[in-house]
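*Asks:* My questions concern the predicted model and sequence given below.
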Amino acid sequence: SIIKDMLIMPLGVLKGPVLRRKQIVTYKEDNSGQWAKYVQDRLVPSLNRVSFFDIFFSPSATNVNDSYILERHRMHINELMSFIGVEGFFDQEIEAVLYAHESQSMAYRTWIDSAREIQEGHTYLDVLNEDLTYALEFWGMVRGRYLLDFGFSEVEVPNPALAYEIEAWIIAGRIVKCIINPGPKPYHIVSFEARADTIWGYSLADILSDSQTAVNSNYRSLINNTIDSSHPTVMMLSDVVPPGRSASTIGPGERLVVSRDILNTLLPGQQPIQYFQPTNNAQSIIAAMQVSLKQADNEVPSYEHGNAPSSGAVGTATGLDILIGQAEKGTKELVGKITSFLIKPAIEMMIDHNMTHSNDDGVKGDFKPQVRGVASMLGSQMRTQRIQTAIQSSQNPIGMQITGIKGMTELYSEFFAELDIDPEK
């Protein structure tokens, strides 16, 4: 889903780790040797996607840690109940919200919600019937004097003039959580193409929008021109139209009586009714459309997703293989962005969480995560190319004498294994 957000939205957002109460199923063997199923409620760190329509940054933000962040939640009542007992949440306030059932407030809706609900196939009344709760989660700086007024101690807020990073939740006007946040915000963002000095990037849809607009315009022109040029166009004098009739209702084969007075008003060679055939400009419109499609190919080449032309270098197996290899640079760059901006920081925060809160000493240590998504991809491709080169170099009498049947069998087995093909089948 986050990759899809990168393609159609200015950014994709991964949140975590955050503590959620979940039911964990375990199986234990009793004294009689029978296995029994146990369901336990546990607080577990989790990662989740945040919708582009539910997250808001400060206008001048360039990254998540120099900005305040406001996330809007739409959650079921049972999800809100799962926060009871979680460190930092105020159980009495959550119970007050549940008791008063104030979740049916429209206070946290935005103008885009109505259009969004139409796309999702439901209305706001459906949201009310599902008992969905709207909550706002705030991450940002708040002055110390306001925190002291709220109830924080002087140990937690030693200087009222300074601003402190906090995490706060508000539901229907009630603050259900407010804690000091000493670390970085648990949000990780990535864009298809980053922009300078702003947190918002360009999606693939943004990059292709000009080409897409031109293609759509040309395609509409092609349809209209095809319709217009598929039949003759009639031009007639308004005086020829019988009383009570419209010119658009006069069809072929009709007999129209024209008075001599109308004929006397015609110019030499002029007819009361004339037919002409509009020009078919389909070829020139298609040519203009092809120009826009080629511009789009600069971002996502057509042969990269299977639509290969039959002419030019792409028309040969070797040429197509070379061009696909070049086009894969964009895919590797995209994977590299996901690795660097989403996966790696999320794993680092997960390690920090385990070091701070976990009671399991087996998950603690001086770790430094190394995410090898792109490196693994490149290593696998380089290994495949080396094996393929070795096979091609052995396709001669001398090479066959050196490698032998056993050696060639090993090379082909390794080659098929890299392609996820079982050589035994």
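*Replies:* Arrived safely. Numbering: from 1, shown residues only.
*Asks:* Surely Lys177 is in a strand?
*Replies:* Yes. The assignment for Lys177 (DSSP: H, G, I helix; E, B strand; the rest coil) places it in a strand.
*Asks:* burial of it, as a residue count?
*Replies:* Burial measure for Lys177: 21 neighbouring residues, criterion other C-beta atoms under 10 Å. Quick note: C-beta positions are derived from backbone N, CA and C, even for glycine.
*Asks:* got a list of what it touches?
*Replies:* Lys177 is in contact with 83, 88-90, 167-169, counting by C-beta atoms under 8 Å, 6 or more residues apart in numbering.
*Asks:* Quick one: buried ones out of those?
*Replies:* 83, 89-90, 167-169 (16 or more other C-beta atoms under 10 Å).
*Asks:* Kindly indicate which of these lies nearest Asp206.
*Replies:* Nearest to Asp206 out of the buried ones among the contacts of Lys177 is Glu167 (C-beta to C-beta; 31.7 Å).
*Asks:* Kindly give the local confidence score, pLDDT, for Ala115.
*Replies:* The score at Ala115 is 76. That number is its pLDDT.
*Asks:* Going forward, count from 32.
*Replies:* I'll keep to 32 as the first residue from here, and by that count the last item is Ala146.
*Asks:* Where is pLDDT lowest across the buried ones among the contacts of Lys208?
*Replies:* Going through those one by one, the lowest pLDDT turns up at Phe114, 85.
*Asks:* Tell me where the chain has strands.
*Replies:* Ranges of strands within the chain are 43-60, 66-81, 86-88, 100-107, 163-174, 194-202, 205-211, 218-221, 264-267, 304-307, based on DSSP state E.
*Asks:* I would like the residues contacting the shortest one, please.
*Replies:* Here strand 86-88 makes contact (C-beta under 8 Å, 6+ apart) with 44, 95, 98-103, 218, 230.
*Asks:* Direction included, what does that strand pair against?
*Replies:* Using DSSP bridges, the strands paired with strand 86-88 in its sheet are strand 100-107 (antiparallel).
*Asks:* swap in the first one?
*Replies:* Each strand paired with strand 43-60, and its direction, by DSSP bridges: strand 66-81 (antiparallel), strand 218-221 (antiparallel).
*Asks:* closest to Asp391 out of the strands of the chain?
*Replies:* If you check each of the strands of the chain against Asp391 by C-beta to C-beta, strand 66-81 wins as the nearest, at 12.4 Å.
*Asks:* circling back: quick one, which of the strands paired with strand 43-60 is packed in tightest?
*Replies:* A comparison of the strands paired with strand 43-60 by mean neighbour count, using mean count of other C-beta atoms under 10 Å, puts strand 218-221 on top with a mean of 23.
*Asks:* contacts for that one?
*Replies:* 33, 37, 42-46, 81, 86, 95, 100, 170, 230, 368-369, 372-373, 376-377.
*Asks:* all helices for the stretch 332-456 of the chain, in order.
*Replies:* Taking DSSP state H, counting those that start in this stretch to define them, one finds helices in the stretch 332-456 of the chain at 348-369, 375-388, 404-424, 428-449.
*Asks:* By mean pLDDT, show me the worst of those.
*Replies:* For these, the stretch scoring lowest in mean pLDDT is helix 348-369; its value is a mean of 65.
*Asks:* Can you tell me how far the closest residue to Val75 other than its chain neighbours is from His384?
*Replies:* Counting by C-beta to C-beta, 6 or more residues apart in numbering, Lys53 is the residue found nearest to Val75 once chain neighbours are left out, at 5.3 Å. Counting by C-beta to C-beta, to the nearest Å, the gap from Lys53 to His384 is 16 Å.
*Asks:* With neighbour numbers in mind, choose between those two.
*Replies:* His384 (18 against 12).
*Asks:* looking at it, the more buried one is touching Val75, isn't it?
*Replies:* No. Under the criterion of C-beta atoms under 8 Å, His384 is not in contact with Val75, lying 10.7 Å apart.
*Asks:* pull the helix or strand with minimum mean pLDDT from this protein.
*Replies:* Confidence across the helices and strands of the chain bottoms out at helix 348-369, with a mean of 65, counting by mean pLDDT, DSSP states H and E.
*Asks:* returning to that earlier point: let's have the strands of the chain in a markdown table, adding distance to Gln321.
*Replies:* Compiled in a markdown table, those are given as follows (distance: least, C-beta to C-beta, whole Å):
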| stretch | distance to Gln321 |
| --- | --- |
| strand 43-60 | 32 |
| strand 66-81 | 37 |
| strand 86-88 | 39 |
| strand 100-107 | 44 |
| strand 163-174 | 48 |
| strand 194-202 | 53 |
| strand 205-211 | 57 |
| strand 218-221 | 33 |
| strand 264-267 | 28 |
| strand 304-307 | 29 |
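*Asks:* what about those strands, which gets the closest to Gly182?
*Replies:* Where the strands of the chain are weighed against each other on C-beta to C-beta, the nearest is strand 205-211, at 8.4 Å.
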